[in-house]
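1. Predicted structure and sequence below. I'll ask about it afterward.
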Amino acid sequence: MNGFWSKGGLARYGASRLATAVLVLVGSIAFLCSLTLIVPGDPARILLGARATPELVESFRQQMGLDLPLYERVFVFFKHALQGDLGTDVISGRSVTDMVLAALPNTILLAVSAIGLAVLIGIPIGCYAAVRPGSLLDQALAVLSVGLVATPSYVVAILLLYFFSVWLGWFPVLGAGEPGNFLDQLHHLVLPAIALAVGWIGYIARLVRSSLLEVLSEPYIRTARAYGQPERRIVMKYALKLACIPTVAILGVGIGELMGGAVFVEVIFNRPGLGSLVIDAIRVRNYPVVQGCILIIVAIFVLTNLLVDFAYAWLDPRVRENLGRARNGGGA
Amino acid sequence: MDILRRIWRSPSGRIGLIATLLVVIGGLAAPLIATHMPNQIDVAARLSPPSATHWLGTDHLGRDLFSRGLYGTRIAVGVALAVTATALFIGILLGVIAAYAPTPVERIILAVFDIISSYPSLILALALVAVLGPGLLNIIILVTIVFVPQFGRIARAQTLTIKERPFLEAERALGASGSRIMFHHVLPNIVGPIVVLASMNIPVVITLEAGLSFLGVGIRPPLASWGSMLFDGFTYLEQSVWPVLVAGGMLTLATLGFTLFGEALRDAIDPKLRREP
């Protein structure tokens, strides 16, 4: 089983996962489009208001493609989306693709800095807690991580904003900083990134702690100890690598929650980005913009999950082996 | 009773149980405990810090934060229970159907689950809000949709594991009807892990509902919801931090309480379900 299941298996696994990802993406586009069908009332009429003339409503429906049947609408939307056209903002007349592309880098920067922070702080804390179970840091971690995971991220974000920006005045309250001024942008990024990362620091630390403890009790670690390897080397070289695998696995789910959390952080810190774009659009029921933003967010989510699955299979020989046996096992 | 005793034995379970009871009783007894009507406006005392008349201070319209927070409990816990119960019902139904139905039906149900879970939960909720619009009933409906797949998946998996057990085959051989097998044998056997999942789900729903209300697309303003209180407080953050502290504090007490309670319940019912961390 072991030898047989090397390269071809991974490729086959990749192909099937890729196909599922594409199907899910097509499905979610269909779902997004069909949402307009279950609206109580006519979206065109809701948007244009009660005083719009029937002709105006009709031309608007045609312009939005609302007169087409659902499958055609999905097809048209998908065809345009593949060509990079996500439709037109009904209010300003701008291209949704342009709006999304303008907002996207801000959100990605925020999410990546938050993940980076969470990993950089969470892994060392988790290691320390695992190497010295029962120490003060270990106990503090146990209490804090539960507290921080249970506290809604937006409450943490508002309190951070109040404490560091309003009260202490260390960080700016609003915006993303002057374009082109790197230091200013960094200054504006610090607090939002921390706000987004806080819950994850505790989570990753706990995850690394428990999986490191598990790995450290394995026979091969005992062997390494018996050979007189220094403890630091054992943890760093042999144990940590394996203990980090679960961390990789949760990053897939994490990126989705992070995209959700980014909505709050962007609204609270008034940063431009996909999150604030989608919220502003929902408030005025600007449906094409909502659709475009959500499509991009879902695409990012599905793609990162795909990458994480690959990374996971590549990192962990046990997973690689199991794939051969249970190919249809639940993905999530 | 035995389960309660087991929950009480662990320190975090005790904290969770106390916090949960505090929240539930506070919500149920809100009309008795509240010192003011939740929407009673006192412009002279707007944004005041805690005092003898307003125990936890007032918001930007001079409404009593303690009373509003108590009434907010009703919304938060009510929505969470309604959503969880409905998602539980639909999820179990679809899950059991998927486990017993011919393959094409199963595939379709699973595909729908996959599509729904391909959205991050907040993002899906936002997509649905964009269509349905805000409001109490709509929030319950759309948050239910978000959570159906996880119940459905676990119900299906549980059903599949017991479907081929000998006692069910014996029952079938004895000529039991499909509904008898379903209600007397399948359901009681799959309910344990699902109840645990449901209790762990409650704080997640509370967080999501308050989050939507905070973003201004959830529960509509005159109703006291923690999310909209948080938003109002956030708007006036530079003048007074009390509204944010009260709304955020009550919200956190509830989510923390239900989380700890849910974890303790899981350990008490079935330690095997425990997944670190």
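-> That came in fine, so what should we check first? Residues are numbered from 1 along each chain as shown, chains lettered A, B, ... in the order given.
2. check whether stretch B:233-244 contacts chain A.
-> Yes - for stretch B:233-244 and chain A, the contact criterion (C-beta under 8 Å from any C-beta of the partner chain) is met by B:233, B:234, B:237, B:238, B:241, B:244. In short, each C-beta sits where N, CA and C put it, glycine included.
3. now these: which count as buried?
-> B:233, B:234, B:237, B:241, B:244 (16 or more other C-beta atoms under 10 Å in any protein chain shown).
4. Can you redo these as JSON lines, where the extra columns are pLDDT and secondary structure?
-> Formatted as JSON lines, these follow (pLDDT from 0 to 100; DSSP: H, G, I helix; E, B strand; the rest coil):
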{"residue": "B:233", "pLDDT": "89", "secondary structure": "helix"}
{"residue": "B:234", "pLDDT": "91", "secondary structure": "helix"}
{"residue": "B:237", "pLDDT": "86", "secondary structure": "coil"}
{"residue": "B:241", "pLDDT": "86", "secondary structure": "coil"}
{"residue": "B:244", "pLDDT": "90", "secondary structure": "helix"}
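5. Out of these, which comes closest to residue B:111?
-> residue B:234 (39.8 Å; C-beta to C-beta).
6. Nearest residue to that closest one in space, please, no chain neighbours.
-> residue A:158 (5.6 Å; C-beta to C-beta, 6 or more residues apart in numbering or on different chains).
7. What's the mean pLDDT across the helix or strand hosting the one you found?
-> Using DSSP states H and E, residue A:158 falls within helix A:153-160. The predicted model gives helix A:153-160 an average pLDDT of 89.
8. How far does it sit from its chain's centre?
-> 18 Å (C-alpha atoms, centre = their mean, to the nearest Å).
9. Stretch A:111-128 now?
-> 15 Å.
10. and the helix or strand hosting residue B:88, which residues are buried?
-> Here residue B:88 is covered by helix B:65-100, with elements defined by DSSP H and E. Across helix B:65-100, burial judged by 16+ other C-beta under 10 Å covers B:65-77, B:79-80, B:82-84, B:86-88, B:90-92, B:94-100.
11. what's the next secondary structure element after the helix or strand hosting residue B:130?
-> Assigned by DSSP H and E, residue B:130 belongs to helix B:121-132. As assigned by DSSP H and E, the chain's next helix or strand after helix B:121-132 is helix B:136-163.
12. if we can go back for a sec, output the helix holding residue A:158 as CSV, restricted to C-alpha atoms.
-> This file holds the C-alpha atoms of helix A:153-160, laid out as CSV (Å, rounded to 0.1, in the frame of the first residue of the first chain):
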residue,chain,number,x,y,z
SER,A,153,-14.0,39.5,17.9
TYR,A,154,-15.8,42.7,17.4
VAL,A,155,-16.1,43.3,21.1
VAL,A,156,-12.3,42.8,21.3
ALA,A,157,-11.8,45.2,18.4
ILE,A,158,-13.9,48.0,19.9
LEU,A,159,-12.2,47.7,23.3
LEU,A,160,-8.7,47.8,21.6
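13. Against which helices or strands is that helix packed?
-> When contacts are defined as 3 or more C-beta pairs under 8 Å, 6 or more residues apart in numbering or on different chains; DSSP states H and E, helix A:153-160 packs onto helix A:182-216, helix A:245-268, helix B:226-235, helix B:242-269.
14. which one of those lies closest to residue B:194?
-> So among those, helix B:242-269 is nearest, using C-beta to C-beta, at 10.7 Å.
15. Can you give the distance of that closest one from its chain's centre?
-> Relative to the chain's own centre, helix B:242-269 is displaced by 11 Å; criterion: C-alpha atoms, centre = their mean.
16. before we move on, what about stretch B:109-116?
-> With C-alpha atoms, centre = their mean, you get 22 Å for stretch B:109-116.
17. Not counting its own residues, what contacts that stretch?
-> Stretch B:109-116 is contacted from outside by A:20, A:23-24, A:27-28, A:31, A:331, B:94, B:97-98, B:101, B:124, B:145-146, B:148-149, B:152-153, B:156, using C-beta atoms under 8 Å, 6 or more residues apart in numbering or on different chains.
18. mean confidence for it?
-> 86.
19. Going by neighbour count, which residues in that stretch are buried?
-> For stretch B:109-116, the neighbour count (16+ other C-beta under 10 Å) marks B:109, B:110, B:112, B:113, B:114, B:115, B:116 as buried.
20. give me the low-pLDDT residue ranges for the stretch 201-332 of chain A?
-> A:317-332 (pLDDT under 70).
21. please redo it, this time with the cut-off set to 50
-> Filtered on pLDDT under 50, the stretch 201-332 of chain A yields the residue ranges A:326-332.
22. ok, back up a step: what sits up against the helix holding residue A:158?
-> Applying C-beta under 8 Å, 6+ apart, the contact partners of helix A:153-160 are A:148, A:191-192, A:194-196, A:198-199, A:261, A:264-265, A:268-269, B:211, B:214, B:230, B:233-234, B:237, B:244, B:248, B:251-252.
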